[in-house]
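Novice: sequence and predicted model, in that order:
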Amino acid sequence: MSDIEKMGTHEKTYGGSVYGCYTIVSVQGASHVKNQQPCQDAFHCSEQKESSDPVIIAIADGHGDQRHDMSHYGAKLATETAVRVLEDLYKELKTSKTYLFRSFRDDFLKEVLKQWKKEVLVHAAEHDIKGEEPSHVYRRYGTTLLVALLCEDEALIGQIGDGDILLIDGDNRLITPIAKDDLIGNATYSLCSAEASHFWNAVRIPNPVNNQFLMMSTDGLSNCFADDDNFHKFALSLAEYVSSHDDASIGDTLAALLFDYSSKGSGDDITLALFKFKNSPFLSGQKEEQPSTMERNRSTSALPTDEKQNGASSSANIDDPLHIGPSLEQKYRKIGKHIYKPVTSTDQKGQGPRYNIRFKDELQ
């Protein structure tokens, strides 16, 4: 039996425009396969009727616990709604970069929430969910949302809740354009959170074709690594791997890879969206130095593919550059429902070591 057959459900798609090519892969998490739970992740992308149309990608991660038992539907509805709303927004305001971004930043999520909640109530009625307050229904469908619109002049990216958006610029620097929410452990904001629009983070990237890669992923991937540094090294390695393979052929390879990471790491569903800009060949080493407009929180180290990472030696083929292995088996220990990661420093009273409690629970 192949790795693909063992992994349970998975979805993949790829496509492109005059701006670049995208690949999106989503896999059911190893723990969900074992416990026969559905994949709570979802993705959706726009249809390019014309080659110059923008590429719009949305991914979402439903919360999945007992209070959010319909969140796999909520995630699907969220991605479809987000792409539809952003398509309409772009058509209306594409002649003005300033107004387009302002509306994306200030109004986009409000409209998504309005339409998502209507879709949720319709879906709930179709599935005989009756007699509950609307707020309770929304909670059952709770999900995060990450969105990107990519065109020649600018890229718009936005996020509510956990997940990761990374950019590799023209100088091979890895940039995190949206800072992570300052929350405890894996607590996350959600479309079902009260005042959810207040937790929407949006960024505009001018002249995106001067960059090389944009990567969006649900937190099931980054949670396979002990820290952000190792996750960022993996992202650089992944971009190098994708750049040297045909877009139509890497879907199954990435699906098997992501399921392997889920099995050895977080156990969670993983959705990964990669966009490769056409005008900037990855790792060419020929591009002139350009100032970056998104330089905060960046990783500066290149990937050492021949060294041990996260305290574990790689089992990958020598021709495979993806040598960063998940480390939760060695770095974490599970107690009850929670995963604890030891921290080397002591607490304020000097009684350490401290423990970082990692849990999944959205704020209401």
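Specialist: Structure received. Predicted model, so just to flag it, every value in this text is computed and none were measured.
Novice: list the contacts for Y90?
Specialist: Contact analysis of Y90 by Cβ atoms under 8 Å, 6 or more residues apart in numbering lists 54, 56, 100, 149, 151. Backbone N, C-alpha and C define where each C-beta goes, glycine included.
Novice: count of neighbours near Q66?
Specialist: 7 (other Cβ atoms under 10 Å).
Novice: brain fart, S262
Specialist: Neighbour count for S262, taken as other Cβ under 10 Å: 26.
Novice: same thing with the one 4 residues further on?
Specialist: When neighbours are counted by other Cβ under 10 Å, S266 registers 26.
Novice: which one is it nearest to, not counting chain neighbours?
Specialist: Spatially, and ignoring its direct neighbours in sequence, S266 is nearest to N223 (4.0 Å; Cβ to Cβ, 6 or more residues apart in numbering).
Novice: tell me, what residue is most central in this structure?
Specialist: S217 (2.0 Å; Cα atoms, centre = their mean).
Novice: quick one: low-confidence parts of this protein?
Specialist: 1-8, 182-186, 248, 279-364 (pLDDT under 70).
Novice: what about the helices in it?
Specialist: Counting by DSSP state H, the segments of the chain that form helices are 3-6, 30-34, 71-93, 97-106, 108-126, 134-140, 219-222, 228-243, 250-264, 328-331.
Novice: for A155, find the nearest of those helices.
Specialist: Judged by Cβ to Cβ, the one of these that comes nearest to A155 is helix 97-106, at 10.3 Å.
Novice: how about that closest one, which residues are buried there?
Specialist: Judged by neighbour count using 16 or more other Cβ atoms under 10 Å, the buried positions of helix 97-106 are 100-101, 103-105.
Novice: how many residues are close by the residue found closest to S52 once you drop the neighbours it is linked to in the chain?
Specialist: Using Cβ to Cβ, 6+ apart and skipping residues adjacent in sequence, the residue nearest S52 is V18, 5.8 Å away. For V18, the count of nearby residues is 15 (other Cβ under 10 Å).
Novice: and N35, by the same measure?
Specialist: Residues near N35, counting by other Cβ under 10 Å, number 9.
Novice: what's near enough to touch it?
Specialist: By Cβ under 8 Å, 6+ apart, the contact list for N35 is empty.
Novice: what about it, distance to I165?
Specialist: According to Cβ to Cβ, to the nearest Å, N35 and I165 sit 29 Å apart.
Novice: repeat for V25
Specialist: Remark: distance between V25 and I165 (Cβ to Cβ) = 16 Å.
Novice: who touches the residue nearest to S52 in this structure?
Specialist: Contacts for V18 were tallied using Cβ under 8 Å, 6+ apart; they are 51-52, 152, 278.
Novice: please repeat the previous calculation with a cut-off of 10 Å.
Specialist: Taking Cβ atoms under 10 Å, 6 or more residues apart in numbering as the criterion, V18 is in contact with 48, 50-53, 55, 151-152, 209, 278-279.
Novice: among the residues you listed, who's most crowded?
Specialist: In terms of neighbour count, V55 stands highest of those at 22 neighbours, by other Cβ under 10 Å.
Novice: without its sequence neighbours, what residue ends up closest to that one?
Specialist: Here the residue nearest V55, using Cβ to Cβ, 6+ apart, is L150, at 4.5 Å.
Novice: do Q40 as well
Specialist: G62 (3.6 Å).
Novice: so how many other residues sit close to the one you found?
Specialist: 30.
Novice: swap in Y189?
Specialist: Y189: 24 neighbours (other Cβ under 10 Å).
Novice: next one: E126
Specialist: 8.
Novice: which residues are in contact with it?
Specialist: Contacts for E126 (Cβ under 10 Å, 6+ apart) come out as none.
Novice: contacting residues for the residue nearest to G16 when sequence neighbours are not counted?
Specialist: Nearest non-adjacent residue to G16, counting by Cβ to Cβ, 6+ apart: Y22, 6.7 Å away. Shown in contact with Y22 (Cβ under 10 Å, 6+ apart): 13-16, 45, 55, 57, 148, 150, 214, 247, 273-276.
Novice: which two of those residues have the greatest separation?
Specialist: A148 and D247 (17.1 Å).
Novice: those two: which is more packed in?
Specialist: Ranked by neighbour count (other Cβ under 10 Å), A148 and D247 place A148 first, with 26 against 16.
Novice: now, the contacts of Y22 that are in strands?
Specialist: Among the contacts of Y22, the members falling in strands (DSSP state E) are 13-16, 45, 55, 57, 148, 150, 214, 273-276.
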